[in-house]
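Asks: Quick one: sequence plus predicted model below, questions after.
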Amino acid sequence: MVDLLGFLADYEVLIYLVLAIGGMFSFRWLYRSWREWRVAVYGLEREFSLRRLGRSGLISFLIALFFCFEFSVATFVVPGLPADFFLATPTLDFISSPTGTLSAALMTQFANQPQSTPQPGASGCVPGRVELTFPEPGAEIKGAIELTGTVNIPNFGFYKYEVAPAGSDAWATIAAGREAVTDSSLGRWDTTALTPGDYQLRLVVIDNQGTSLPPCVVPVQVIPNQ
(Lines give C-alpha, C1' and ligand atoms only; values in the text may rest on other atoms or scores of the structure.)
Protein backbone atom coordinates (compact mmCIF):
# COMPACT_ATOMS: atom_id res chain seq x y z
CA MET A 1 0.00 0.00 0.00
CA VAL A 2 2.82 2.41 0.88
CA ASP A 3 4.56 1.72 -2.44
CA LEU A 4 1.33 2.20 -4.39
CA LEU A 5 0.46 5.51 -2.73
CA GLY A 6 4.03 6.71 -3.12
CA PHE A 7 4.00 5.82 -6.82
CA LEU A 8 0.69 7.60 -7.44
CA ALA A 9 1.95 10.71 -5.65
CA ASP A 10 5.45 10.79 -7.19
CA TYR A 11 4.34 10.23 -10.79
CA GLU A 12 1.14 12.27 -10.64
CA VAL A 13 1.98 14.46 -13.67
CA LEU A 14 3.09 11.51 -15.80
CA ILE A 15 -0.05 9.53 -14.92
CA TYR A 16 -2.25 12.49 -15.87
CA LEU A 17 -0.39 12.79 -19.19
CA VAL A 18 -0.85 9.10 -20.01
CA LEU A 19 -4.52 9.25 -19.04
CA ALA A 20 -5.04 12.36 -21.17
CA ILE A 21 -3.55 10.69 -24.24
CA GLY A 22 -5.50 7.49 -23.61
CA GLY A 23 -8.68 9.47 -23.00
CA MET A 24 -8.27 11.41 -26.22
CA PHE A 25 -8.11 8.23 -28.30
CA SER A 26 -10.85 6.43 -26.34
CA PHE A 27 -13.33 9.31 -26.52
CA ARG A 28 -12.59 9.72 -30.22
CA TRP A 29 -13.30 6.01 -30.70
CA LEU A 30 -16.48 6.38 -28.63
CA TYR A 31 -17.70 9.30 -30.75
CA ARG A 32 -17.01 7.50 -34.02
CA SER A 33 -18.70 4.32 -32.76
CA TRP A 34 -21.75 6.34 -31.72
CA ARG A 35 -21.98 7.97 -35.13
CA GLU A 36 -21.62 4.62 -36.92
CA TRP A 37 -24.36 3.15 -34.76
CA ARG A 38 -26.71 6.07 -35.53
CA VAL A 39 -26.29 5.84 -39.32
CA ALA A 40 -26.31 2.02 -39.44
CA VAL A 41 -29.30 0.66 -41.36
CA TYR A 42 -28.99 -3.10 -41.47
CA GLY A 43 -29.36 -5.25 -38.40
CA LEU A 44 -25.93 -6.89 -38.57
CA GLU A 45 -24.25 -3.55 -39.16
CA ARG A 46 -26.06 -2.03 -36.17
CA GLU A 47 -25.07 -5.01 -34.00
CA PHE A 48 -21.36 -4.59 -34.83
CA SER A 49 -21.61 -0.84 -34.25
CA LEU A 50 -23.30 -1.40 -30.92
CA ARG A 51 -20.52 -3.78 -29.80
CA ARG A 52 -17.85 -1.23 -30.75
CA LEU A 53 -19.84 1.44 -28.94
CA GLY A 54 -19.99 -0.71 -25.81
CA ARG A 55 -16.25 -1.46 -25.84
CA SER A 56 -15.26 2.15 -26.44
CA GLY A 57 -17.70 3.30 -23.76
CA LEU A 58 -16.24 0.84 -21.22
CA ILE A 59 -12.65 1.91 -21.93
CA SER A 60 -13.60 5.59 -21.72
CA PHE A 61 -15.38 4.95 -18.42
CA LEU A 62 -12.36 3.13 -16.94
CA ILE A 63 -10.00 5.92 -17.96
CA ALA A 64 -12.30 8.52 -16.41
CA LEU A 65 -12.64 6.39 -13.27
CA PHE A 66 -8.86 6.02 -12.88
CA PHE A 67 -8.44 9.76 -13.46
CA CYS A 68 -10.83 10.44 -10.56
CA PHE A 69 -9.02 7.87 -8.40
CA GLU A 70 -5.61 9.42 -9.11
CA PHE A 71 -6.93 12.91 -8.42
CA SER A 72 -8.47 11.83 -5.10
CA VAL A 73 -5.35 10.01 -3.92
CA ALA A 74 -2.89 12.74 -4.95
CA THR A 75 -5.03 15.65 -3.76
CA PHE A 76 -6.76 14.39 -0.61
CA VAL A 77 -5.42 11.02 0.61
CA VAL A 78 -1.62 11.39 0.44
CA PRO A 79 -1.42 14.96 1.86
CA GLY A 80 -3.57 13.86 4.80
CA LEU A 81 -1.32 10.95 5.78
CA PRO A 82 1.26 11.40 8.57
CA ALA A 83 4.86 11.51 7.43
CA ASP A 84 5.80 8.37 9.37
CA PHE A 85 3.49 6.41 7.04
CA PHE A 86 6.16 6.79 4.37
CA LEU A 87 9.21 6.68 6.62
CA ALA A 88 11.37 3.59 6.53
CA THR A 89 11.54 2.61 10.20
CA PRO A 90 12.46 -1.11 10.23
CA THR A 91 13.19 -1.10 13.96
CA LEU A 92 9.74 0.21 14.84
CA ASP A 93 6.84 -2.23 14.74
CA PHE A 94 3.62 -0.42 15.61
CA ILE A 95 1.45 -3.45 14.95
CA SER A 96 2.92 -5.80 17.50
CA SER A 97 3.15 -5.10 21.20
CA PRO A 98 6.77 -4.08 21.90
CA THR A 99 8.50 -5.97 24.69
CA GLY A 100 11.04 -3.23 25.42
CA THR A 101 13.98 -5.60 24.96
CA LEU A 102 17.04 -5.30 22.72
CA SER A 103 18.33 -7.85 20.24
CA ALA A 104 21.29 -10.12 21.02
CA ALA A 105 23.42 -8.32 18.41
CA LEU A 106 22.83 -4.95 20.08
CA MET A 107 23.54 -6.42 23.50
CA THR A 108 26.92 -7.63 22.21
CA GLN A 109 27.61 -4.24 20.69
CA PHE A 110 26.81 -2.51 23.97
CA ALA A 111 29.03 -4.90 25.89
CA ASN A 112 31.99 -3.92 23.69
CA GLN A 113 31.44 -0.19 24.17
CA PRO A 114 33.77 1.51 26.67
CA GLN A 115 32.00 2.95 29.71
CA SER A 116 32.33 6.72 30.20
CA THR A 117 31.39 9.10 32.96
CA PRO A 118 27.70 9.99 32.60
CA GLN A 119 26.42 13.54 32.24
CA PRO A 120 25.11 15.00 35.51
CA GLY A 121 21.60 15.82 34.34
CA ALA A 122 18.98 15.58 31.61
CA SER A 123 19.30 17.59 28.41
CA GLY A 124 16.91 18.69 25.68
CA CYS A 125 13.75 17.99 27.71
CA VAL A 126 10.86 20.47 27.50
CA PRO A 127 8.36 20.21 30.39
CA GLY A 128 4.84 19.56 29.17
CA ARG A 129 6.05 18.88 25.62
CA VAL A 130 8.89 16.35 25.46
CA GLU A 131 10.12 14.96 28.77
CA LEU A 132 10.90 11.80 30.71
CA THR A 133 9.62 11.86 34.28
CA PHE A 134 10.77 8.33 35.12
CA PRO A 135 13.51 7.35 35.37
CA GLU A 136 14.98 10.58 36.69
CA PRO A 137 18.52 11.71 35.79
CA GLY A 138 21.10 9.56 37.54
CA ALA A 139 18.53 7.01 38.73
CA GLU A 140 19.64 3.46 39.44
CA ILE A 141 17.42 1.00 37.62
CA LYS A 142 17.24 -2.75 37.21
CA GLY A 143 14.98 -5.35 35.64
CA ALA A 144 11.96 -4.30 33.63
CA ILE A 145 10.71 -0.77 34.25
CA GLU A 146 7.82 1.34 33.01
CA LEU A 147 8.90 4.60 31.42
CA THR A 148 6.70 7.62 32.06
CA GLY A 149 6.72 11.07 30.56
CA THR A 150 5.09 13.41 28.08
CA VAL A 151 5.08 13.61 24.28
CA ASN A 152 2.58 16.26 23.31
CA ILE A 153 3.52 18.62 20.47
CA PRO A 154 1.59 20.32 17.64
CA ASN A 155 1.35 18.14 14.50
CA PHE A 156 2.39 15.07 16.49
CA GLY A 157 3.55 12.11 14.41
CA PHE A 158 5.13 9.43 16.60
CA TYR A 159 7.78 8.93 19.26
CA LYS A 160 10.48 6.41 20.04
CA TYR A 161 12.80 5.85 22.96
CA GLU A 162 16.39 4.68 22.59
CA VAL A 163 19.37 3.71 24.69
CA ALA A 164 23.15 3.95 24.31
CA PRO A 165 26.14 3.47 26.60
CA ALA A 166 27.23 6.68 28.31
CA GLY A 167 29.38 8.80 26.03
CA SER A 168 28.47 6.74 22.95
CA ASP A 169 26.42 7.53 19.86
CA ALA A 170 25.47 3.87 19.29
CA TRP A 171 21.75 4.45 19.86
CA ALA A 172 19.43 1.46 19.71
CA THR A 173 15.66 1.82 19.49
CA ILE A 174 13.84 0.07 22.32
CA ALA A 175 10.23 0.67 21.23
CA ALA A 176 7.91 3.37 19.88
CA GLY A 177 4.39 4.73 20.04
CA ARG A 178 1.94 6.54 17.81
CA GLU A 179 -0.29 8.19 20.43
CA ALA A 180 0.42 11.45 22.24
CA VAL A 181 1.04 10.95 25.97
CA THR A 182 0.73 13.42 28.86
CA ASP A 183 2.49 12.44 32.09
CA SER A 184 1.70 8.78 31.59
CA SER A 185 3.25 5.51 30.44
CA LEU A 186 5.46 5.64 27.34
CA GLY A 187 6.28 1.95 27.32
CA ARG A 188 8.46 -0.69 28.97
CA TRP A 189 12.22 -1.19 29.05
CA ASP A 190 13.73 -4.51 30.08
CA THR A 191 17.30 -3.92 31.32
CA THR A 192 17.81 -7.47 32.57
CA ALA A 193 20.31 -8.50 29.89
CA LEU A 194 22.25 -5.23 29.88
CA THR A 195 25.74 -5.11 31.35
CA PRO A 196 25.57 -3.01 34.54
CA GLY A 197 26.95 0.47 34.01
CA ASP A 198 26.09 3.97 32.89
CA TYR A 199 23.71 4.52 29.99
CA GLN A 200 21.86 7.29 28.20
CA LEU A 201 18.11 7.01 27.69
CA ARG A 202 16.61 9.38 25.15
CA LEU A 203 13.11 10.20 24.00
CA VAL A 204 12.75 11.28 20.35
CA VAL A 205 9.58 12.86 18.98
CA ILE A 206 8.86 13.22 15.26
CA ASP A 207 6.07 15.43 13.91
CA ASN A 208 3.76 14.49 11.04
CA GLN A 209 6.09 16.19 8.56
CA GLY A 210 8.95 13.84 9.46
CA THR A 211 10.92 16.44 11.45
CA SER A 212 12.64 15.24 14.62
CA LEU A 213 12.59 17.56 17.63
CA PRO A 214 15.66 17.84 19.90
CA PRO A 215 15.68 14.63 21.95
CA CYS A 216 15.21 14.47 25.69
CA VAL A 217 18.28 12.64 27.05
CA VAL A 218 18.42 11.26 30.59
CA PRO A 219 21.52 9.57 32.08
CA VAL A 220 20.78 6.44 34.09
CA GLN A 221 22.71 3.67 35.78
CA VAL A 222 21.80 0.03 35.26
CA ILE A 223 22.62 -2.04 38.32
CA PRO A 224 22.73 -5.84 38.71
CA ASN A 225 19.31 -7.45 38.88
CA GLN A 226 19.58 -9.22 42.24
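Replies: That came through fine.
Asks: got the phi/psi numbers for residue 26?
Replies: phi -70, psi -40 (degrees, to the nearest 10).
Asks: how about it, what does it touch?
Replies: By CB atoms under 8 Å, 6 or more residues apart in numbering, the contact list for residue 26 reads 56, 59-60, 63. Backbone N, C-alpha and C define where each C-beta goes, glycine included.
Asks: Also residue 11?
Replies: By CB under 8 Å, 6+ apart, no residues touch residue 11.
Asks: what is residue 220 paired to in the beta sheet?
Replies: Beta bridges link residue 220 to residue 139, residue 199, judged by DSSP bridges.
Asks: so is the residue nearest to residue 124 when sequence neighbours are not counted in a helix, a strand, or just coil?
Replies: Distance criterion CB to CB, 6 or more residues apart in numbering; nearest residue to residue 124, sequence neighbours excluded, is residue 214 at 4.5 Å. Judged by DSSP: H, G, I helix; E, B strand; the rest coil, the three-state class of residue 214 is coil.
Asks: neighbours of residue 214, just the number please.
Replies: Neighbour count for residue 214, taken as other CB atoms under 10 Å: 13.
Asks: does it really touch residue 125, like I thought?
Replies: No: the pair residue 214 / residue 125 is not scored as a contact, 9.0 Å apart, by CB atoms under 8 Å.
Asks: residues touching the residue lying closest to residue 55 once chain neighbours are set aside, list them.
Replies: Sequence neighbours aside, residue 33 is the residue nearest to residue 55 in space, at 7.9 Å (criterion: CB to CB, 6+ apart). Residue 33 sits next to 49, 52-53, 55-57 when contact means CB under 8 Å, 6+ apart.
Asks: Also residue 15?
Replies: Contacts of residue 15 by CB under 8 Å, 6+ apart are 8, 70.
Asks: how much space is there between it and residue 220?
Replies: 51 Å (CB to CB, to the nearest Å).
Asks: go on, residue 188?
Replies: Going from residue 188 to residue 220 by CB to CB gives 15 Å.
Asks: which of these two has more neighbours?
Replies: More crowded of residue 188 and residue 220, by other CB under 10 Å: residue 220, with 23 against 16.
Asks: ok, that one touching residue 197?
Replies: No: counting by CB under 8 Å, residue 220 sits too far from residue 197 to count as a contact (10.1 Å).
Asks: Low-confidence stretches in the chain?
Replies: Scanning the chain for pLDDT under 70 picks out 1-2, 79-120, 226.
Asks: longest helix anywhere in it?
Replies: helix 43-72 (DSSP state H).
Asks: what comes up buried for it?
Replies: Residues of helix 43-72 classed as buried: 46, 49, 52-53, 56-57, 59-60, 63, 67, 70 (neighbour count, 16 or more other CB atoms under 10 Å).
Asks: Same question for stretch 126-133.
Replies: Quick answer for stretch 126-133 (16+ other CB under 10 Å): 130-132.
Asks: Any chance of those in a markdown table with secondary structure and distance to residue 145 as columns?
Replies: Formatted as a markdown table, these follow (DSSP: H, G, I helix; E, B strand; the rest coil; distance: CB to CB, whole Å):
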| residue | secondary structure | distance to residue 145 |
| --- | --- | --- |
| 130 | strand | 19 |
| 131 | strand | 17 |
| 132 | strand | 11 |
